[in-house]
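*Asks:* Quick check, what structure comes out for this input:
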Amino acid sequence: NLTNKVFQSICLAEISKFRRLEPGEYLERIATIPEIKSFFGGESVRALINLAVSILTILIIGVINIWAGVTILLASII
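*Replies:* Presented below is the predicted three-dimensional model:
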């Protein structure tokens, strides 16, 4: 589980080593963790699917009732 791995890494971290590294080095280390890459990759795909479904839903509502579709579209933009 990604959450448990992150929690364990934080709890077992050696603070003395933490202070010696530059901030960019931490980002490089975090970026190499495959679970984090796959997590954010999955989130992007999920967001794209949600976007497509939202657009399709607004279009269907717009076909049924144009003013309801316009209202939902404006509410989504705002």
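*Asks:* Local confidence estimate at Lys17?
*Replies:* Turning to Lys17, the model gives it a pLDDT of 65.
*Asks:* just checking, what packs against the helix or strand that contains Ala68?
*Replies:* Taking DSSP states H and E as the definition, Ala68 sits inside helix 66-77. If contacts are counted by 3 or more Cβ pairs under 8 Å, 6 or more residues apart in numbering; DSSP states H and E, helix 66-77 sits against helix 34-64. Just so you know, the C-beta spots here come from the backbone N, C-alpha and C atoms, and that holds for glycine as well.
*Asks:* I'd like to know which elements the helix it packs on is packed against.
*Replies:* Helix 34-64 packs on helix 2-11, helix 66-77, going by 3+ Cβ pairs under 8 Å, 6+ apart.
*Asks:* quick check, distance from it to the centre of its chain.
*Replies:* 11 Å (Cα atoms, centre = their mean, to the nearest Å).
*Asks:* do the same with stretch 33-53
*Replies:* 6 Å.
*Asks:* Worst mean pLDDT among the helices and strands packed on helix 34-64?
*Replies:* helix 2-11 (a mean of 78).
*Asks:* and the angle for that helix with helix 34-64?
*Replies:* For helix 2-11 against helix 34-64, the angle by axes from the mean of the first three to the mean of the last three Cα atoms, to 10 degrees is 140 degrees.
*Asks:* Alpha carbons only: can I get helix 2-11 in CSV?
*Replies:* Provided in CSV are the C-alpha atoms of helix 2-11 (Å, rounded to 0.1, in the frame of the first residue of the first chain):
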residue,chain,number,x,y,z
LEU,A,2,1.4,3.4,-1.1
THR,A,3,0.2,5.2,2.0
ASN,A,4,1.9,2.7,4.4
LYS,A,5,5.1,2.9,2.4
VAL,A,6,5.2,6.7,2.6
PHE,A,7,4.3,6.6,6.3
GLN,A,8,7.1,4.1,7.0
SER,A,9,9.6,6.1,5.0
ILE,A,10,8.8,9.2,6.9
CYS,A,11,8.9,7.5,10.3
